[in-house]
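# Need the 3D shape of this:
(one chain, ligands or ions: 2)
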Amino acid sequence: MTFHRLLSHKSWKAPQWFQKLGVVLGTLGLTGSALAWTAIHRQHHAGPDKRKDPHSPNIQPWWRVQFLSMYYKPNLRFVKDLLQDNFIVFCHRNYFVIQLCYIALLCIIDWHAIFYAYLAPAAILWHGGSLINTVGHKWGYRNYQINDKSVNNPVLGLLMWGEGWHNNHHAKPLKKSFKVKPWEVDTSAFFISLFEK
Ligand SMILES: [Zn+2]
Ligand SMILES: [Zn+2]
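Ligands and ions are numbered 1, 2, ... in the order given. You can find the predicted model right below:
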(Lines give C-alpha, C1' and ligand atoms only; values in the text may rest on other atoms or scores of the structure.)
(Ligands and ions follow the chains in the order given, each with its own letter.)
Protein backbone atom coordinates (compact mmCIF):
# COMPACT_ATOMS: atom_id res chain seq x y z
CA MET A 1 0.00 0.00 0.00
CA THR A 2 2.86 2.41 0.70
CA PHE A 3 5.96 1.41 -1.28
CA HIS A 4 3.99 0.30 -4.31
CA ARG A 5 0.71 2.14 -4.72
CA LEU A 6 1.42 5.31 -2.74
CA LEU A 7 5.10 6.05 -3.49
CA SER A 8 5.91 4.23 -6.74
CA HIS A 9 2.71 5.05 -8.62
CA LYS A 10 1.13 7.84 -6.57
CA SER A 11 -2.21 6.15 -7.18
CA TRP A 12 -3.65 7.39 -3.88
CA LYS A 13 -3.01 10.21 -1.44
CA ALA A 14 -2.26 10.05 2.26
CA PRO A 15 -1.49 12.68 4.88
CA GLN A 16 2.24 13.10 5.57
CA TRP A 17 2.08 11.41 8.99
CA PHE A 18 0.36 8.39 7.49
CA GLN A 19 2.89 8.18 4.65
CA LYS A 20 5.76 8.37 7.15
CA LEU A 21 4.20 5.56 9.21
CA GLY A 22 3.87 3.45 6.05
CA VAL A 23 7.48 4.15 5.09
CA VAL A 24 8.75 3.02 8.52
CA LEU A 25 6.58 -0.12 8.52
CA GLY A 26 7.64 -0.88 4.94
CA THR A 27 11.29 -0.42 5.90
CA LEU A 28 10.83 -3.07 8.60
CA GLY A 29 9.60 -5.45 5.88
CA LEU A 30 13.23 -6.03 4.86
CA THR A 31 12.67 -5.59 1.14
CA GLY A 32 14.94 -2.56 0.91
CA SER A 33 14.30 1.08 1.67
CA ALA A 34 11.30 2.92 0.22
CA LEU A 35 13.70 4.85 -2.02
CA ALA A 36 15.45 1.75 -3.36
CA TRP A 37 12.23 -0.26 -3.72
CA THR A 38 10.54 2.53 -5.67
CA ALA A 39 13.56 3.08 -7.95
CA ILE A 40 13.74 -0.63 -8.82
CA HIS A 41 9.99 -0.91 -9.29
CA ARG A 42 9.75 2.14 -11.56
CA GLN A 43 12.64 0.76 -13.62
CA HIS A 44 10.66 -2.50 -13.91
CA HIS A 45 7.64 -0.60 -15.26
CA ALA A 46 9.84 1.41 -17.63
CA GLY A 47 10.62 -1.73 -19.65
CA PRO A 48 9.02 -4.88 -18.26
CA ASP A 49 10.55 -8.11 -19.59
CA LYS A 50 13.03 -6.05 -21.60
CA ARG A 51 16.81 -6.08 -21.24
CA LYS A 52 16.96 -3.39 -18.55
CA ASP A 53 14.16 -4.87 -16.41
CA PRO A 54 15.88 -5.43 -13.05
CA HIS A 55 13.89 -8.57 -12.22
CA SER A 56 12.26 -10.26 -15.19
CA PRO A 57 12.16 -14.08 -14.88
CA ASN A 58 11.96 -14.13 -18.68
CA ILE A 59 15.40 -12.47 -18.94
CA GLN A 60 17.16 -13.79 -15.83
CA PRO A 61 17.08 -17.17 -14.05
CA TRP A 62 13.90 -17.34 -11.90
CA TRP A 63 15.86 -18.23 -8.75
CA ARG A 64 17.84 -15.01 -9.00
CA VAL A 65 14.63 -12.99 -9.27
CA GLN A 66 12.97 -14.96 -6.46
CA PHE A 67 15.82 -14.82 -3.96
CA LEU A 68 18.17 -11.98 -4.93
CA SER A 69 16.19 -9.22 -6.63
CA MET A 70 16.21 -7.09 -3.48
CA TYR A 71 19.98 -6.74 -3.89
CA TYR A 72 19.65 -5.05 -7.28
CA LYS A 73 21.37 -1.67 -7.26
CA PRO A 74 18.72 1.07 -7.53
CA ASN A 75 19.03 3.70 -10.23
CA LEU A 76 18.23 6.98 -8.45
CA ARG A 77 17.33 8.61 -11.76
CA PHE A 78 13.89 7.01 -11.27
CA VAL A 79 13.22 8.63 -7.89
CA LYS A 80 14.11 12.30 -8.32
CA ASP A 81 10.81 13.24 -6.65
CA LEU A 82 11.43 11.08 -3.57
CA LEU A 83 14.94 12.48 -3.18
CA GLN A 84 13.24 15.77 -2.23
CA ASP A 85 11.60 14.07 0.77
CA ASN A 86 13.94 14.32 3.75
CA PHE A 87 12.19 11.60 5.74
CA ILE A 88 12.37 9.05 2.92
CA VAL A 89 16.07 9.87 2.36
CA PHE A 90 16.68 9.59 6.13
CA CYS A 91 15.07 6.13 6.22
CA HIS A 92 17.19 5.11 3.23
CA ARG A 93 20.45 6.28 4.81
CA ASN A 94 19.60 4.76 8.18
CA TYR A 95 18.07 1.54 6.90
CA PHE A 96 20.10 -0.75 9.18
CA VAL A 97 19.90 1.59 12.18
CA ILE A 98 16.10 1.44 11.95
CA GLN A 99 16.25 -2.37 11.93
CA LEU A 100 18.50 -2.38 15.02
CA CYS A 101 16.21 0.05 16.88
CA TYR A 102 13.22 -2.16 16.14
CA ILE A 103 15.07 -5.30 17.28
CA ALA A 104 16.05 -3.50 20.50
CA LEU A 105 12.42 -2.48 21.07
CA LEU A 106 11.23 -6.06 20.53
CA CYS A 107 13.89 -7.35 22.95
CA ILE A 108 12.51 -5.04 25.60
CA ILE A 109 8.94 -6.26 25.01
CA ASP A 110 9.67 -9.97 24.43
CA TRP A 111 12.60 -11.39 22.47
CA HIS A 112 10.32 -14.03 20.89
CA ALA A 113 8.67 -11.11 19.07
CA ILE A 114 11.81 -10.86 16.91
CA PHE A 115 10.48 -13.94 15.16
CA TYR A 116 6.73 -13.38 15.04
CA ALA A 117 6.66 -9.57 14.76
CA TYR A 118 9.71 -9.14 12.51
CA LEU A 119 11.45 -12.05 10.78
CA ALA A 120 8.41 -14.20 9.97
CA PRO A 121 6.29 -11.38 8.47
CA ALA A 122 9.37 -10.05 6.65
CA ALA A 123 10.08 -13.49 5.16
CA ILE A 124 6.46 -13.74 3.97
CA LEU A 125 6.64 -10.27 2.45
CA TRP A 126 10.00 -10.93 0.78
CA HIS A 127 8.95 -14.22 -0.82
CA GLY A 128 5.40 -13.06 -1.56
CA GLY A 129 6.70 -9.91 -3.23
CA SER A 130 9.26 -11.89 -5.20
CA LEU A 131 6.53 -14.31 -6.32
CA ILE A 132 4.75 -11.35 -7.92
CA ASN A 133 7.94 -10.75 -9.91
CA THR A 134 8.46 -14.40 -10.90
CA VAL A 135 5.03 -16.08 -11.07
CA GLY A 136 3.35 -12.77 -11.98
CA HIS A 137 5.36 -12.71 -15.20
CA LYS A 138 4.97 -16.38 -16.06
CA TRP A 139 1.89 -18.30 -14.88
CA GLY A 140 -1.65 -16.98 -15.05
CA TYR A 141 -4.18 -15.42 -17.38
CA ARG A 142 -4.28 -12.06 -19.08
CA ASN A 143 -7.11 -9.55 -19.26
CA TYR A 144 -4.97 -7.19 -21.37
CA GLN A 145 -2.77 -8.14 -24.32
CA ILE A 146 0.01 -5.66 -23.57
CA ASN A 147 3.65 -5.51 -24.55
CA ASP A 148 5.05 -7.56 -21.65
CA LYS A 149 4.59 -11.00 -20.10
CA SER A 150 2.62 -9.94 -17.00
CA VAL A 151 -0.25 -12.22 -15.92
CA ASN A 152 -2.95 -12.37 -13.27
CA ASN A 153 -2.46 -15.21 -10.81
CA PRO A 154 -5.55 -15.92 -8.65
CA VAL A 155 -3.60 -17.53 -5.77
CA LEU A 156 -1.25 -14.54 -5.51
CA GLY A 157 -4.16 -12.16 -6.06
CA LEU A 158 -5.82 -13.43 -2.90
CA LEU A 159 -2.73 -14.10 -0.77
CA MET A 160 -0.91 -10.87 -1.63
CA TRP A 161 -3.90 -8.60 -1.12
CA GLY A 162 -4.53 -7.86 -4.79
CA GLU A 163 -0.94 -7.54 -5.95
CA GLY A 164 -1.28 -10.79 -7.89
CA TRP A 165 -3.59 -9.14 -10.46
CA HIS A 166 -0.34 -8.12 -12.06
CA ASN A 167 -1.47 -7.98 -15.68
CA ASN A 168 -4.26 -5.59 -14.69
CA HIS A 169 -1.68 -3.49 -12.88
CA HIS A 170 0.78 -3.39 -15.78
CA ALA A 171 -2.02 -2.37 -18.14
CA LYS A 172 -3.17 0.47 -15.87
CA PRO A 173 -0.38 1.17 -13.36
CA LEU A 174 -1.84 4.41 -12.04
CA LYS A 175 -5.11 2.85 -10.90
CA LYS A 176 -5.58 2.52 -7.15
CA SER A 177 -7.45 -0.76 -7.48
CA PHE A 178 -6.10 -3.72 -9.48
CA LYS A 179 -9.53 -5.30 -9.72
CA VAL A 180 -11.08 -5.62 -13.19
CA LYS A 181 -13.23 -8.77 -13.12
CA PRO A 182 -15.76 -9.22 -10.26
CA TRP A 183 -13.85 -12.16 -8.70
CA GLU A 184 -10.53 -10.29 -8.65
CA VAL A 185 -10.63 -9.30 -4.99
CA ASP A 186 -8.24 -6.47 -4.14
CA THR A 187 -7.88 -6.32 -0.37
CA SER A 188 -5.27 -3.53 -0.52
CA ALA A 189 -7.65 -1.30 -2.49
CA PHE A 190 -10.36 -1.99 0.08
CA PHE A 191 -8.12 -0.82 2.94
CA ILE A 192 -6.87 2.17 0.94
CA SER A 193 -10.48 3.28 0.40
CA LEU A 194 -11.13 2.77 4.09
CA PHE A 195 -8.07 4.84 5.05
CA GLU A 196 -9.08 7.59 2.63
CA LYS A 197 -12.49 7.83 4.29
ZN1 LIG B 1 5.68 -6.69 -13.26
ZN1 LIG C 1 3.75 -1.24 -10.04
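# How are the helices of this structure distributed by residue range?
Secondary structure of the chain (DSSP state H): helices located at 16-27, 34-46, 62-68, 86-93, 95-109, 113-114, 120-134, 154-159, 166-171, 187-196.
# now the ones you listed in TSV, with distance to residue 178?
Placement of C-beta: from N, CA and C, glycine included. Converted to TSV, those look like this (distance: least, Cβ to Cβ, whole Å):
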stretch	distance to residue 178
helix 16-27	18
helix 34-46	14
helix 62-68	20
helix 86-93	24
helix 95-109	28
helix 113-114	32
helix 120-134	11
helix 154-159	8
helix 166-171	5
helix 187-196	7
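# ok now do the nearest residue to residue 165 once chain neighbours are set aside, which residues does it touch?
Excluding its sequence neighbours, the residue lying closest to residue 165 (Cβ to Cβ, 6 or more residues apart in numbering) is residue 178, at 4.0 Å. When contacts are counted by Cβ atoms under 8 Å, 6 or more residues apart in numbering, residue 178 touches 157, 162-163, 165-166, 168-169, 184, 186, 188-189.
# What is the end-to-end distance of stretch 39-59?
End-to-end span of stretch 39-59 (Cα to Cα, to the nearest Å): 19 Å.
# Tell me the buried residues in that stretch?
Under the neighbour-count criterion of 16 or more other Cβ atoms under 10 Å, stretch 39-59 has 39-44, 48-49, 53-57, 59 buried.
# any idea how far residue 129 is from residue 121?
Distance, residue 121 to residue 129, using Cβ to Cβ, to the nearest Å: 12 Å.
# neighbour count winner among those two?
Of the pair residue 121 and residue 129, residue 129 is the one with more neighbours under other Cβ atoms under 10 Å, namely 20 against 14.
# My read is that the more buried one contacts residue 31, right?
Yes: the criterion here is Cβ atoms under 8 Å, and residue 129 meets it with residue 31 at 5.7 Å.
# ok, residues contacting the worst-scoring helix or strand of the chain on mean pLDDT?
Using mean pLDDT, DSSP states H and E, helix 62-68 stands out as the lowest-scoring helix or strand of the chain, at a mean of 90. Residues from elsewhere that reach helix 62-68, judged by Cβ under 8 Å, 6+ apart: 55-57, 127, 130-131, 133-134, 138.
# In CSV: the residues you listed, plus pLDDT and distance to residue 6.
Formatted as CSV, the contacts of helix 62-68 follow (pLDDT from 0 to 100; distance: Cβ to Cβ, whole Å):
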residue, pLDDT, distance to residue 6
55, 93, 21
56, 94, 24
57, 94, 26
127, 92, 22
130, 94, 21
131, 96, 21
133, 95, 19
134, 96, 24
138, 96, 27
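# Tell me which two of these sit farthest apart.
Spatial extent of the contacts of helix 62-68 (Cβ to Cβ) is set by the pair 56 and 127 at 17.8 Å.
# Check the spacing between residue 54 and residue 192 real quick.
On the measure of Cβ to Cβ, residue 54 and residue 192 end up 26 Å apart.
# Also residue 72?
27 Å.
# Have a look at those two and say which one is more surrounded.
Neighbour tally, residue 72 and residue 192, criterion other Cβ under 10 Å: the higher count belongs to residue 192, 21 against 17.
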